[in-house]
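Q: no sequence on this one, just coordinates:
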Ligand code: AHR
């Protein structure tokens, strides 16, 4: 059942009790008692991940291109320093102290956000999660999470794998970094389809979203298993592209000896699918800036929104399917 969430702000009128009002689009400072001048911009603090790969670049570019001054926003972009959570928490704290109107958070780590989220709640600044979830998941501490459904996406990858290997086979999983929420969600979804099939996981190891590590980890695991690997589940495109290089350098043919499935759907992966190096690519659509803007406007106007807003994402299982979309691919 979807849950509707509403962000309301109490005026400090203790004598007459609290009166909940929806927030008009506020000028910076976030005080609902102030009527916003037409010229005031809504200030948005974006606690971002920063440089991480093609998916992240597309996602954060899309957010920045959506929350423009022409659209009535001042977007304050705060990418993490080297994916370090402390730098994100520091940026989050600064945005709360500054009194931005809303915070967008793409968390580098799933845990460790309770204090920050409670501070934002005390300051009556709504927080919207983009892409990454948090643990423990306390929905009272944020308005909504906007992301494709990792569990569903990964379960579809797993269902494709089971269909491809009716007689079973050995596979390895290349995971994102430990501690990142989407990694657990993708493992959960994959396992829900693959458990009980003839597919056997001989190894699971992080390759930290990177092509270079995807290649080196795959090289090591192929050697350790005498090349007796028929399938690779890479939790993002870059790791899968690196794995394809390792497969070729081991004298094996991607798509024939070893099938590789990835998640994201970036241009490079779609080209590799068209070329036969990858066998399956599930989109994890990063282009949800318009949805985020709609949610911010509704939230600040006191309208309710779903507690988890799922971004639709497509699956591509053949070279022909990839060719059909490559020319117009936006990321
Ligand atoms: O959280 C989304 C993941 O983070 C993407 O699948 C990956 O490419 C990115 O680094």
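A: Cool, the structure landed. It should be emphasised that the depicted structure is a prediction, and the values quoted were computed from it without experimental measurement.

Q: Which pLDDT value belongs to residue 222?
A: Residue 222 is assigned 98 on the pLDDT scale.

Q: Leaving out sequence neighbours, find the closest residue to it.
A: Using Cβ to Cβ, 6 or more residues apart in numbering and skipping the chain neighbours, the partner closest in space to residue 222 is residue 250 (4.9 Å). For the C-beta atoms, the positions are set from N, CA and C on the backbone; glycine is no exception.

Q: how many other residues sit next to that neighbour?
A: For residue 250, the count of nearby residues is 15 (other Cβ atoms under 10 Å).

Q: Am I right that it is in contact with residue 228?
A: No: taking contacts as Cβ atoms under 8 Å, residue 250 lies outside contact range of residue 228: 11.2 Å.

Q: thinking again about what came up before, contact partners for the residue nearest to residue 222?
A: Each residue near residue 250 by Cβ atoms under 8 Å, 6 or more residues apart in numbering is listed here: 219, 222-223, 227.

Q: try residue 209
A: Applying Cβ under 8 Å, 6+ apart, the residues near residue 209 are 52-53, 176-177, 236, 238-239.

Q: And residue 285, by the same measure?
A: Here residue 285 is in contact with 148, 265, 311-314 (Cβ under 8 Å, 6+ apart).

Q: For ChimeraX, write the select line for the buried members of the residues you listed.
A: A single ChimeraX command suffices to select whichever of the contacts of residue 285 are buried according to 16 or more other Cβ atoms under 10 Å:
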select :148,265,311,313
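
Q: Adding distance to residue 324, pLDDT and secondary structure as columns, could you present the contacts of residue 285 in JSON lines?
A: As requested, these are exported to JSON lines (distance: Cβ to Cβ, whole Å; pLDDT from 0 to 100; DSSP: H, G, I helix; E, B strand; the rest coil):
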{"residue": "148", "distance to residue 324": "20", "pLDDT": "98", "secondary structure": "coil"}
{"residue": "265", "distance to residue 324": "13", "pLDDT": "98", "secondary structure": "coil"}
{"residue": "311", "distance to residue 324": "21", "pLDDT": "98", "secondary structure": "coil"}
{"residue": "312", "distance to residue 324": "17", "pLDDT": "97", "secondary structure": "coil"}
{"residue": "313", "distance to residue 324": "16", "pLDDT": "97", "secondary structure": "coil"}
{"residue": "314", "distance to residue 324": "11", "pLDDT": "97", "secondary structure": "coil"}
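
Q: Tell me how far the closest residue to residue 158 other than its chain neighbours lies from residue 151.
A: Once flanking residues are discounted, residue 158 sits nearest to residue 193: 2.9 Å by Cβ to Cβ, 6+ apart. As judged by Cβ to Cβ, to the nearest Å, residue 193 and residue 151 stand 10 Å apart.

Q: now residue 130
A: If you go by Cβ to Cβ, the gap between residue 130 and residue 151 works out to 18 Å.

Q: now residue 135
A: With Cβ to Cβ as the criterion, residue 135 and residue 151 are 15 Å apart.

Q: Repeat that for residue 263.
A: Residue 263 is 12 Å from residue 151, by Cβ to Cβ.
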